[in-house]
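here is my input, please return the structure:
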Amino acid sequence: MLAELKAVNNFLKTLNKLDENEFYYWNTIHLKTTAFYWASLTSHLLNCFEVSSIDPILNHLETCRQPEGGYGGQKGHDANLQFTLSAIQLYILFNRLEEIDVVKNSAFILKLQNSDGSFSSDIWGEKDVKFTYMGLLSLKLLQKLNTCDIASAQSFLLSCLNKDGGFGLLPRTESHAGFTFCAVAGLVLCGHVFTEKENSLIVDWLKNRIFGIGVNGRPGKFYDSCYAWWVLASLKLLNVPVINYDFVIPFILSCQNKKSGGFSPRPREPADLFHTTFSVAALSLLKHGGLEPIDPLTCLPGSIMNI
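As a prediction, the model looks like this:
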């Protein structure tokens, strides 16, 4: 592995030692379940995952498990679709999926599907393409996808496709690369066969996010390292050879903080776990630095998903 990627592991270890006297501890405590997924995925891709970290994370998940199904981001927090998906992904990463209550968790997820096919985040009803992808993927990983209304979910996702080729958070909202990934991946999960017109429109919009030295999420916006993942993963799901975009690698590497080892949105900015994970994931898609391959549909290591 390249030396700069080895430094990422040092960044992950630093985050693991944060205490209550540090700002970043409090800034991330509400999403600790997903933070554990990001860190565990990254270390897997770096081929430096430590088995000793499994039990503490599983102990955390146990405190976040809700009696009616679903997981929260922290002890005492309500169950939420994002954190439930992160918990499922962690159990799969650790090869411990048999420890999750499939019946209760799939029932929790199914209750969050709305009449228009979308999924809500939680019982309070916020819905969009992100949560629809999360709901579909969660059920897929639990082998319960056929228990939801796939046809209406597909219809909802297609209703978020704009004339410019990108997908919005909801119908008739601005196109965004992150939402486009969620919609494309969700449609793949639904078994949607993209028409030639749909494919051409979406691919052209995605390709236009790659410009100059970097990748952005919307027209006219600054480039950002995490969009390398959302854009390239979407292209790969649409059967576009992403290896042709290896010229993006120097941009991603320029976003690595030389002091901490983590990745930031742009060069010379503070690193964070989110951008570190998805920068490494993008480098994995581009087959850079001896990283383990990643499955763009599930955001899990290819060796685990047998791809």
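
give me the nearest residue to residue 189, chain neighbours excluded.
Leaving aside its sequence neighbours, residue 189 sits nearest to residue 136 (CB to CB, 6 or more residues apart in numbering; 4.4 Å). All C-beta atoms are positioned from the backbone trio N, CA, C, and that covers glycine.

now the element after whatever helix or strand that neighbour lives in, going C-ward?
Using DSSP states H and E, residue 136 sits in helix 129-141. Following helix 129-141 in sequence order, the next helix or strand is helix 150-159 (DSSP H and E).

touching stretch 155-164 from outside, list them.
Stretch 155-164 has contacts (CB atoms under 8 Å, 6 or more residues apart in numbering) with 116-118, 129, 132, 167-175, 179, 183, 186-187, 190, 192, 198, 201-202, 205.

please enumerate the helices of the stretch 151-300 of the chain.
Secondary structure of the stretch 151-300 of the chain, counting by DSSP state H, counting those that start in this stretch: helices at 177-189, 196-207, 226-237, 249-254, 273-285.

let me have those in JSON lines, extended by mean pLDDT, mean neighbour count and distance to residue 291.
JSON lines is the format used below for the helices of the stretch 151-300 of the chain (pLDDT from 0 to 100; neighbours: other CB atoms under 10 Å; distance: least, CB to CB, whole Å):
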{"stretch": "helix 177-189", "mean pLDDT": "98", "mean neighbour count": "25", "distance to residue 291": "19"}
{"stretch": "helix 196-207", "mean pLDDT": "97", "mean neighbour count": "16", "distance to residue 291": "22"}
{"stretch": "helix 226-237", "mean pLDDT": "98", "mean neighbour count": "25", "distance to residue 291": "13"}
{"stretch": "helix 249-254", "mean pLDDT": "95", "mean neighbour count": "17", "distance to residue 291": "12"}
{"stretch": "helix 273-285", "mean pLDDT": "96", "mean neighbour count": "25", "distance to residue 291": "4"}
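
can you add distance to residue 64 and give these back as CSV?
Formatted as CSV, the helices of the stretch 151-300 of the chain follow (distance: least, CB to CB, whole Å):
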stretch, distance to residue 64
helix 177-189, 23
helix 196-207, 35
helix 226-237, 25
helix 249-254, 32
helix 273-285, 18
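
low-scoring stretches of this structure, by residue?
For the chain, the stretches flagged by pLDDT under 70 are 1-4, 14-28, 307.

how many neighbours does residue 269 have?
Residue 269 has 14 neighbours, counted by other CB atoms under 10 Å.

now it: how far from residue 255?
Residue 269 is 8 Å from residue 255, where distance means CB to CB, to the nearest Å.

contacting residues for the closest residue to residue 188 other than its chain neighbours?
Leaving aside its chain neighbours, residue 188 sits nearest to residue 237 (5.4 Å; criterion: CB to CB, 6+ apart). Contacts of residue 237 were listed using CB under 8 Å, 6+ apart, and they are 184-185, 188, 296-297.

just the residues you listed now: which is nearest residue 45?
Proximity of these to residue 45 was ranked by CB to CB; the top entry is residue 296 with 12.7 Å.

surely that closest one touches residue 240?
No - applying CB atoms under 8 Å as the test, residue 296 and residue 240 come out as separate, 11.1 Å apart.

the two: which is more packed in?
residue 296 (24 against 17).

for that one, give me its contacts.
With CB under 8 Å, 6+ apart, residue 296 has these contacts: 185, 232-234, 236-237, 285.

between those, which sits nearest residue 109?
So of those, ranked by how close each gets to residue 109 (CB to CB), first place is residue 185, at 16.3 Å.

isn't that closest one right up against residue 133?
Yes - Residue 185 is within contact range of residue 133, at 5.5 Å (criterion: CB under 8 Å).

how near is the residue nearest to residue 189 to residue 274?
From residue 136 to residue 274 the distance is 22 Å (CB to CB).

thanks again, I'm all set now.
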